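J.: quick one, fold the following:
(one chain, ligands or ions: 1)
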Amino acid sequence: MTDFETILLERKGRVGIITLNRPKALNALNSELMREVVSAVEELEKDSEIGAILITGSDRAFAAGADIKEMQPKSYMDVYLDDFFAAWDRLAAARKPTIAAVAGYALGGGCELAMLCDILIAADTAKFGQPEIKLGVIPGIGGSQRLTRAVGKAKAMELCLTGRNMDAEEAERAGLVSRIVPAADLLDEALQTATTIAEMSLPVAMMAKEAVNRSFETTLTEGVRFERRVFHSTFATEDQKEGMAAFVEKRPPVFKHR
Ligand code: CO8
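T.: Numbers count the residues shown, from 1 in each chain. As a prediction, this is how the structure comes out:
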């Protein structure tokens, strides 16, 4: 297992847990943290014993944004030639289900990182926002696109143009988070959800994820056609045979993740 400086990586059962760990900077996302998260995600994607990836921060902050101190001296050419922050696309491309467990601040790149995950579970202390405009920039890790798809144009515009935060209640009402839990229970609840998913058939969970994500990229007719083809292909898995046999035989399924 790799050693990391800015994150912690642990495995609990079939769940890989990545904890952002730059407490003095409220988990601000610098390049090193980005590289480490991407490398941990790659490690977990390759690990056949892992069925879901959970990303979390601290009680005070999931992440308070991209690291402003790191960005401040950069020129246009620096960020353009580096394709600054493009490596985060690797997380969006993860094939295993990903869950963000958010307490405290999820601002700017922090909100965007949470939105790169498939499911977002919020503590009642969570605060979401895209305050980049206050710094003279705009969201750069997909915030203007993913927030708009999640909460609609009016609220996304308001958040991106005023930089105001929304609390967990507002985020849940708007459809950004799947549910809110008391801060003290966040990790347990998120781990339970991740474990439930990780115990399903891995290839079928990957297919379900791919099908839901397809809805953001295509028309309804093409999306439904895609879903049907993938549905048909689940019948090629051993786990479909096992899942249906277990139902008929009134016993819990034992998935082989094949
Ligand atoms: N970057 C660097 N350091 C940070 C950041 C950050 N985003 N956020 C907090 N910190 C540091 C503070 O500087 C402080 O460090 P120090 O003690 O050395 O001064 C420490 O964390 C604690 O922060 P505060 O003292 O400010 O704590 P408060 O509780 O008073 O305030 C806030 C908490 C409200 C979260 C406040 O820290 C804040 O407003 N942070 C900045 C939030 C922000 O603007 N985020 C957006 C950043 S821009 C961004 O994410 C763009 C993404 C797209 C880039 C893509 C490029 C291609």
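J.: what are the boundaries of the helices in this structure?
T.: Taking DSSP state H to define them, one finds helices in the chain at 31-46, 68-71, 76-82, 89-92, 109-116, 143-151, 153-162, 168-174, 186-199, 202-214, 220-234, 238-248.
J.: would you mind finding the most buried of those?
T.: When neighbours are counted by mean count of other Cβ atoms under 10 Å, the highest per-stretch mean among these falls to helix 109-116, a mean of 29. Heads up, the C-betas are built off the backbone N, CA and C, glycines and all.
J.: can that helix be said to contact the ligand?
T.: Yes: counting by Cβ under 6 Å from any ligand atom, the ligand has neighbours in helix 109-116: Gly109.
J.: so who does the closest residue to the ligand within the stretch 151-258 of the chain touch?
T.: Residue nearest to the ligand within the stretch 151-258 of the chain: Gly163 (7.8 Å; Cβ to the nearest ligand atom). For Gly163, the contacting residues are 129-134, by Cβ atoms under 8 Å, 6 or more residues apart in numbering.
J.: dump these to CSV, plus neighbour count, distance to the ligand and pLDDT.
T.: Supplementary listing: these in CSV, determined by neighbours: other Cβ atoms under 10 Å; distance: Cβ to the nearest ligand atom, whole Å; pLDDT from 0 to 100:
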residue, neighbour count, distance to the ligand, pLDDT
Gly129, 24, 8, 98
Gln130, 27, 8, 98
Pro131, 20, 4, 98
Glu132, 23, 5, 98
Ile133, 15, 9, 98
Lys134, 12, 6, 98
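J.: which one of those sits closest to Phe216?
T.: Minimum distance to Phe216 across the contacts of Gly163 is 18.7 Å, recorded for Gln130 (Cβ to Cβ).
J.: and that closest one, what are its phi and psi?
T.: Listed backbone geometry of Gln130 is phi -120, psi 80, with angles given as degrees, to the nearest 10.
J.: what do you get for Arg95?
T.: Here is the backbone geometry of Arg95 (degrees, to the nearest 10): phi -90, psi -30.
J.: and for it, nearest residue in space, chain neighbours not counted?
T.: Nearest-residue entry for Arg95: Met206, 5.0 Å, with adjacent residues in sequence omitted and distances by Cβ to Cβ, 6 or more residues apart in numbering.
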